[in-house]
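K.L.:
How does the following fold in three dimensions:
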Amino acid sequence: MAKIKQSRFKLCRRLGLNVIGHPNAMKRANNGSARNAKKLSAYGIQLLEKQRLRAYYGVMEKQFSNYVKKALKDKEQTGYALVKLLECRLDNLVYRLGFATSVAQARQMVVHGHILVNDNKVDIPSFNVKIGDIISLKEHSQKNKLFKENFLSQIHNVYPYLNKNEDNFSGVLMRYPERSEVPIQINDSLVVEYYSKL
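P.N.:
All right, here's what the predicted structure looks like:
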């Protein structure tokens, strides 16, 4: 499985945005190393937004461009369609439900077989979760102290498009998220503009 190998904190500082959600990620950010610390061309701004969106979800370039192609076929606004596709990845929803403290940790949980979708083991992080799908922690994995503490400590941190059940360590995608409900600071229309010029 391909993954981004560079330091996550360095990546945040270079992109000028905390894309991993860690409270200490931007502590040394004011050293002029961020791409947006310098004057950028219109193309440079579009490229930066694309890199930021990729980093939020930890997706490699080839896979990301495939998501863009799918979004372009959607009848909805392309930028929103792209964000919706990325937000409904299994690894991301495992993170949003609170099983993990980062997308990277969530991806590892999925790959190692700790996560079930509709009571079936799914070990593909990019698996597309559909409305009504139940995401749960495997029964044996519920005894893992880290997973248990992660889930229960974030029980009140629930997104409006997800329904979280603390009793059986599960959650359901109730509906697709509205763009305003997705907690990412991205101008997705610039990402679409970037790919329209390729």
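K.L.:
Only C-alpha atoms from now on, for both contacts and neighbour counts.
P.N.:
Fine.
K.L.:
So Ser136 lies in a helix, does it not?
P.N.:
No. Under DSSP: H, G, I helix; E, B strand; the rest coil, Ser136 sits outside any helix and is assigned strand.
K.L.:
Can you tell me how far the most centrally placed residue in the chain is from Gln142?
P.N.:
Closest residue to the average C-alpha location of the chain: Tyr57 at 3.4 Å, with C-alpha atoms, centre = their mean. Plainly put, Tyr57 is 25 Å away from Gln142 if you go by C-alpha to C-alpha, to the nearest Å.
K.L.:
Helices of this protein, start to end?
P.N.:
Remark: helices assigned in the chain by DSSP state H are 8-15, 42-57, 61-73, 78-87, 90-96, 103-111, 145-153, 188-196.
K.L.:
looking at those, which is buried most?
P.N.:
Across the helices of the chain, averaging neighbours per residue (mean count of other C-alpha atoms under 10 Å) puts helix 90-96 on top, at a mean of 25.
K.L.:
so who does Met109 touch?
P.N.:
When the contact criterion is C-alpha atoms under 8 Å, 6 or more residues apart in numbering, the partners of Met109 are Ile115.
K.L.:
Need the helices of the chain in a markdown table (columns: distance to Val117).
P.N.:
As requested, these are exported to a markdown table (distance: least, C-alpha to C-alpha, whole Å):
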| stretch | distance to Val117 |
| --- | --- |
| helix 8-15 | 29 |
| helix 42-57 | 20 |
| helix 61-73 | 22 |
| helix 78-87 | 16 |
| helix 90-96 | 9 |
| helix 103-111 | 10 |
| helix 145-153 | 17 |
| helix 188-196 | 29 |
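K.L.:
weakest of these in terms of mean pLDDT?
P.N.:
In terms of mean pLDDT, the lowest-scoring of these is helix 8-15 (a mean of 81).
K.L.:
For that one, name the packing helices and strands.
P.N.:
helix 42-57 (3 or more C-alpha pairs under 8 Å, 6 or more residues apart in numbering; DSSP states H and E).
K.L.:
helices or strands next to the helix it packs on in the packing?
P.N.:
helix 8-15, helix 188-196.
K.L.:
can I get the CA coordinates of the last one in CSV?
P.N.:
By that I understand helix 188-196. Output for helix 188-196, consisting of C-alpha atoms alone and laid out as CSV, is shown next (Å, rounded to 0.1, in the frame of the first residue of the first chain):
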residue,chain,number,x,y,z
ASP,A,188,-12.3,23.0,-3.8
SER,A,189,-13.2,25.0,-6.9
LEU,A,190,-9.5,25.8,-7.2
VAL,A,191,-8.7,22.1,-7.2
VAL,A,192,-11.2,21.6,-10.1
GLU,A,193,-9.6,24.5,-12.0
TYR,A,194,-6.2,23.0,-11.6
TYR,A,195,-7.3,19.7,-13.2
SER,A,196,-9.3,21.4,-15.9
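K.L.:
Between helix 42-57 and it, find me the angle.
P.N.:
In this structure, helix 188-196 runs at an angle of 110 degrees to helix 42-57, with axes from the mean of the first three to the mean of the last three C-alpha atoms, to 10 degrees as the basis.
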